[in-house]
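Peer 1: From the sequence below, what's the structure:
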Amino acid sequence: MVNFCDYFVIASATSDRRTRAVAQGIEDGLFELGLKVCYRQGLTEGRWALLDTGDIVVHVFEAKLREFYGLEHLWQEAPRVNWQKNN
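Peer 2: All right, here's what the predicted structure looks like:
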């Protein structure tokens, strides 16, 4: 367990443009839920984006970078949360 956030979200996209679009979509969705992103990084280049609300840290990678950095391996001991979009 970590003490600096409650959840990590790790996602990937197929291009820099899509990485930025996914990150922006996540930020828009968080805003609709009343959550403010306090820190963002990487949106200019779009190869990797970080969004941090304090409780939730979101990483969106281009697929090759996600594999290279291997965050899933670093956090393999962390419990996983299964979720589904509610309609």
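
Peer 1: thought residue 71 was touching residue 60?
Peer 2: No: using C-beta atoms under 8 Å, residue 71 is not in contact with residue 60; the gap is 11.3 Å. For glycine as for every other residue, the C-beta is placed from the backbone atoms N, C-alpha and C.

Peer 1: neighbour-wise, which of the two wins?
Peer 2: The neighbour comparison of residue 71 against residue 60 (other C-beta atoms under 10 Å) goes to residue 60, with 28 against 12.

Peer 1: could you list every residue that touches that one?
Peer 2: By C-beta atoms under 8 Å, 6 or more residues apart in numbering, residue 60 lies in contact with 11, 12, 13, 19, 22, 23, 26, 48, 49, 51.

Peer 1: For those residues, which ChimeraX command selects only the ones that are buried?
Peer 2: Buried residues among the contacts of residue 60 (16 or more other C-beta atoms under 10 Å), as a ChimeraX selection:
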select :12,13,19,22,23,26,48,49,51
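
Peer 1: Which residues does the residue nearest to the spatial centre of the chain form beta bridges with?
Peer 2: What sits nearest the mean C-alpha location of the chain, by C-alpha atoms, centre = their mean, is residue 58, with 2.2 Å. Counting by DSSP bridges, residue 58 is bridged to residue 9, residue 51.

Peer 1: OK, contacts around it?
Peer 2: By C-beta under 8 Å, 6+ apart, residue 58 lies in contact with 8, 9, 11, 23, 26, 49, 50, 51, 52.

Peer 1: What segments of this protein are helices?
Peer 2: With DSSP state H, the ranges of helices along the chain come out as 16-32, 63-69, 71-74.

Peer 1: So which other helices or strands are in contact with the first one?
Peer 2: Read that as helix 16-32. On a contact count with 3 or more C-beta pairs under 8 Å, 6 or more residues apart in numbering; DSSP states H and E, helix 16-32 meets strand 7-13, strand 48-52, strand 56-62.

Peer 1: Give me the distance between the two termini of stretch 8-21.
Peer 2: 19 Å (C-alpha to C-alpha, to the nearest Å).
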